[in-house]
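> Got a predicted structure plus its sequence, pasted below:
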Amino acid sequence: MDQDRNIEEGRTPEEGGNPEEDRNLEEMFRELEDVLKEMEESTVTLEQSFELYDRGMKLLRQCSRTIDDVEKKVLVLDGDGETHEF
């Protein structure tokens, strides 16, 4: 339960977060695709679909946080040739 809370709050492994957060964005997208494929299978029970949905939403939140972090680090080159954060 604590790991789920850490993931949702965006904590790093050093801060008590989930070590899976070290994955890159492409890996998280691949896992999200796998979750979607599993959900589309006709053999998935209702309980399994809720678990997959929860896992997918956690992955989606992590992807969103990762993208936000990258956007904050992007530097913009202005007309004077100087860089500043986006």
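Sure thing, it's come through. Numbering: from 1, shown residues only.

> In which helix or strand does residue 62 reside?
Assessed by DSSP states H and E, residue 62 sits inside helix 46-73.

> residue ranges with poor pLDDT in the protein?
Residues of the chain that meet the criterion pLDDT under 70 lie in 1-22, 77-78, 85-86.

> rewinding a little: elements contacting the helix holding residue 62?
When contacts are defined as 3 or more CB pairs under 8 Å, 6 or more residues apart in numbering; DSSP states H and E, helix 46-73 sits against helix 2-9, helix 25-40. (C-beta placed from N, C-alpha, C; glycine too.)

> Name the residues of it that are buried.
Neighbour-count burial for helix 46-73 flags 52, 55-56, 58-59, 62-63, 66 (criterion: 16 or more other CB atoms under 10 Å).

> from those residues, which is closest to residue 29?
Lowest distance from residue 29 to those (CB to CB) belongs to residue 63, with 6.8 Å.

> List the residues that contact that closest one.
Shown in contact with residue 63 (CB atoms under 8 Å, 6 or more residues apart in numbering): 25, 28-29, 32.

> Repeat the analysis, applying 6 Å as the threshold.
Contact partners of residue 63, counting by CB atoms under 6 Å, 6 or more residues apart in numbering, are residue 28.

> Kindly report the same for residue 25.
Counting by CB under 6 Å, 6+ apart, residue 25 makes contact with residue 66.

> One more pass at 8 Å, please.
63, 66-67, 70.

> Serialize those residues to TSV and add fields for distance to residue 82.
Output for those, formatted as TSV (distance: CB to CB, whole Å):
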residue	distance to residue 82
63	31
66	27
67	25
70	21
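
> Now the two most distant members of the residues you listed.
Going by CB to CB, the pair spanning the contacts of residue 25 furthest: 63 and 70, at 10.7 Å.

> if I pick the nearest residue to residue 53 once chain neighbours are set aside, what's in contact with it?
Leaving aside its chain neighbours, residue 53 sits nearest to residue 39 (7.1 Å; criterion: CB to CB, 6 or more residues apart in numbering). Residues near residue 39 by CB under 8 Å, 6+ apart: 49, 52-53, 56.

> and with 10 Å instead?
Residues in contact with residue 39 (CB atoms under 10 Å, 6 or more residues apart in numbering) are 48-49, 51-53, 55-56.
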